[in-house]
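Novice: One predicted model, sequence on top.
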2 protein chains.
Amino acid sequence: MRVCLTVAYDGTKYHGWQLQPNGITIESVLCQALSDLFGEEIQVIGASRTDAGVHSLGNVAVFDVSTRIPAEKISYALNQRLPADIVVQESKKVAGDFHPRRCESRKTYEYRILNRKFPDPTRRLDTYFYYYALDPMQMRKGAAYLVGEHDFKSFCSIHTAAESTVRKICSIDVTKEGDVIAIRVCGNGFLYNMVRIIAGTLILVGNGTIAPERVREILEKRDRGAAGPTAPAHGLTMIGIEFLE
Amino acid sequence: MRVCLTVAYDGTKYHGWQLQPNGITIESVLCQALSDLFGEEIQVIGASRTDAGVHSLGNVAVFDVSTRIPAEKISYALNQRLPADIVVQESKKVAGDFHPRRCESRKTYEYRILNRKFPDPTRRLDTYFYYYALDPMQMRKGAAYLVGEHDFKSFCSIHTAAESTVRKICSIDVTKEGDVIAIRVCGNGFLYNMVRIIAGTLILVGNGTIAPERVREILEKRDRGAAGPTAPAHGLTMIGIEFLE
């Protein structure tokens, strides 16, 4: 049967999701735990290949196995073999041809900025500390230009393998709670570093360096050099994926 | 001059606040950084000697020094010499006889419980994961019996040096936001492990093991054995201290 896992992790210690020759990754730890559990080599297909330092509350991975363990119990057995910074939230049986990167989906990411005078050591691993005052109202105005279907070439790291740079953003919400500004982006797919470049650009809007209207011009230029810097990985969390089929 | 520091830390890696022969402590790291900065041996007096694993957003420490650095700039110089998990939030000059444990104060602590089916790896360091469903309404009812001046002997670890076990709790709020239940306690002083024993007891109320009214009986018994277990340290954060003089 094909089993689908919802995987949460603190990405601090890992070299991202994807298997690598050097450096421990979420995928390698997960495959090792699955292989130990089932006594055979198991490979997974991940939905989102998050970068080093990026966190997740709901990434998705599928794998095939023959077992008498009911699909929904696999999460418990697996969590006993996983370190505390990787926790499977759900396991369930899916159709044998379900592929998490080949079916239509809505992914949600959140970028969190801790905007205060001094860092908060208890929030240092999952927020990006930023000293200068940010105006969330201005950031919200700038973000609005990105909603819809656009060519996001300006918001994509140049070393990308993507054929088309057209994507659709369904919504971007900029909220402030206490001293944390959260940029929550939902879309049908994201280019390499896209959310982090959006965050880096909205920070420039928020601190007054550029006007919110400039975001539209940046988008139209289709030039990575026009957008802001790539915000650090540790502020980013993949929230979850909704599959539409 | 006497300088007062507000100190935030992630207590995960430390053997608590207080200097110890074996094990690195917040106080030892802070004293080392101060001694390096001023080129002389500096000792601090801490307001709250938090246990191993307990976090802080606003613990207070004072020390004496002769320096030309303005008191309010010491925080910046000090943070450059401190690790990322200890951050001074403020430094200011205080009266030469100010002693943070000898003047009247209100301390606020928060105990956080992550109440869900599976652990969230991104919240594992500053919340206590608890699987069984807790009812915050019942916990609130139980907590209400603790407000006021009482003999808290039942809520104090037996190996204490305190002469009197009478303390005054000004308020206890039990709130639920998402899947985090926060118990916020404000009082004029706390016995050893008091907030963690309160949390451990309110968890028993929340899961239905004991009725809220039992909290009053536990208080009246003045017997540590009557209260619930001491909840784990990593769920506890010292929020801050207000000095009343």
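Specialist: Cool, got the structure.

Novice: who's A:Ala91 bridged to?
Specialist: Careful, residue A:91 is Ser; it's not Ala. A:Leu5 (DSSP bridges).

Novice: Count residues in the vicinity of it, would you?
Specialist: A:Ser91 has 21 neighbouring residues, counting by other Cβ atoms under 10 Å in any protein chain shown. Any C-beta I mention is one placed from the backbone N, CA and C, and that applies to glycine too.

Novice: got the residues of chain A near chain B?
Specialist: Listed as neighbours of chain B in chain A under the rule Cβ under 8 Å from any Cβ of the partner chain: A:8-10, A:55, A:57, A:75, A:79, A:84-90, A:117-122, A:124-126, A:237.

Novice: burial count for A:Ser35?
Specialist: 15.

Novice: Which helix or strand contains it?
Specialist: helix A:26-38 (DSSP states H and E).

Novice: which ones are touching A:Tyr14?
Specialist: A:Gly23, A:Ile24, A:Thr25, A:Ile26, A:Val29, A:Ala52, A:Gly53, A:Asp85 (Cβ atoms under 8 Å, 6 or more residues apart in numbering or on different chains).

Novice: one step back: and for the helix holding A:Ser35, what's in contact with it?
Specialist: Taking Cβ under 8 Å, 6+ apart as the rule, helix A:26-38 contacts A:5, A:7, A:9, A:11, A:14, A:16-20, A:41-44, A:46, A:50, A:56, A:59, A:61, A:63, A:65, A:67, A:74, A:77-78, A:81-83, A:86.

Novice: secondary structure class for the residue of chain A positioned farthest from its centre?
Specialist: Largest separation from the mean C-alpha position in chain A: A:Arg68, at 32.9 Å (Cα atoms, centre = their mean). Put simply, A:Arg68 is coil when judged by DSSP: H, G, I helix; E, B strand; the rest coil.

Novice: Just the buried subset of the contacts of A:Tyr14, please.
Specialist: A:Thr25, A:Ile26, A:Val29, A:Ala52, A:Gly53, A:Asp85 (16 or more other Cβ atoms under 10 Å in any protein chain shown).

Novice: Can you report how many residues lie near A:Ala226?
Specialist: 16.

Novice: Likewise for A:Arg222?
Specialist: Using other Cβ under 10 Å, A:Arg222 has 15 other residues around it.

Novice: Could you measure from it over to A:Tyr192?
Specialist: Relative to A:Tyr192, A:Arg222 is positioned 15 Å away (Cβ to Cβ, to the nearest Å).

Novice: can you check A:Leu146 too?
Specialist: Taking Cβ to Cβ, one finds A:Leu146 at 16 Å from A:Tyr192.

Novice: Out of the contacts of helix A:26-38, name the ones that lie in helices.
Specialist: Among the contacts of helix A:26-38, DSSP state H puts A:Ile74, A:Ala77, A:Leu78 in helices.

Novice: coming back round to it: quick check: PyMOL command selecting the buried ones in the residues of chain A next to chain B.
Specialist: Selection of buried members from the residues of chain A next to chain B for PyMOL, criterion 16+ other Cβ under 10 Å:
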select buried, chain A and resi 8+9+10+55+57+75+79+85+86+87+88+89+90+118+119+120+121+122+124+125+126+237
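
Novice: Would you confirm that A:Gly142 contacts A:Val205?
Specialist: Yes - the criterion here is Cβ atoms under 8 Å, and A:Gly142 meets it with A:Val205 at 3.9 Å.

Novice: So for these two, which residues contact both of them?
Specialist: Joint contacts of A:Gly142 and A:Val205 (Cβ under 8 Å, 6+ apart) are A:Pro212, A:Arg214, A:Val215.

Novice: can I get those residues in a markdown table with pLDDT and secondary structure?
Specialist: Shown next, in a markdown table, are the shared contacts of A:Gly142 and A:Val205 (pLDDT from 0 to 100; DSSP: H, G, I helix; E, B strand; the rest coil):
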| residue | pLDDT | secondary structure |
| --- | --- | --- |
| A:Pro212 | 98 | coil |
| A:Arg214 | 97 | helix |
| A:Val215 | 98 | helix |
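
Novice: who wins for most neighbours among the residues you listed?
Specialist: Going by other Cβ under 10 Å, A:Val215 tops the shared contacts of A:Gly142 and A:Val205 with 26 neighbours.

Novice: remind me which residues of chain A are low pLDDT?
Specialist: A:159-162, A:245 (pLDDT under 70).

Novice: what helix or strand is A:Ser157 on?
Specialist: Judged by DSSP H and E, A:Ser157 forms part of no helix or strand.

Novice: surely it meets A:Gly200?
Specialist: No - applying Cβ under 8 Å as the test, A:Ser157 and A:Gly200 come out as separate, 11.3 Å apart.

Novice: if you count what's nearby, which of the two comes out ahead?
Specialist: A:Gly200 (20 against 13).

Novice: helix/strand/coil for that one?
Specialist: helix.

Novice: Which of A:Leu146 and A:Tyr192 has more residues huddled nearby?
Specialist: A:Leu146 (23 against 18).
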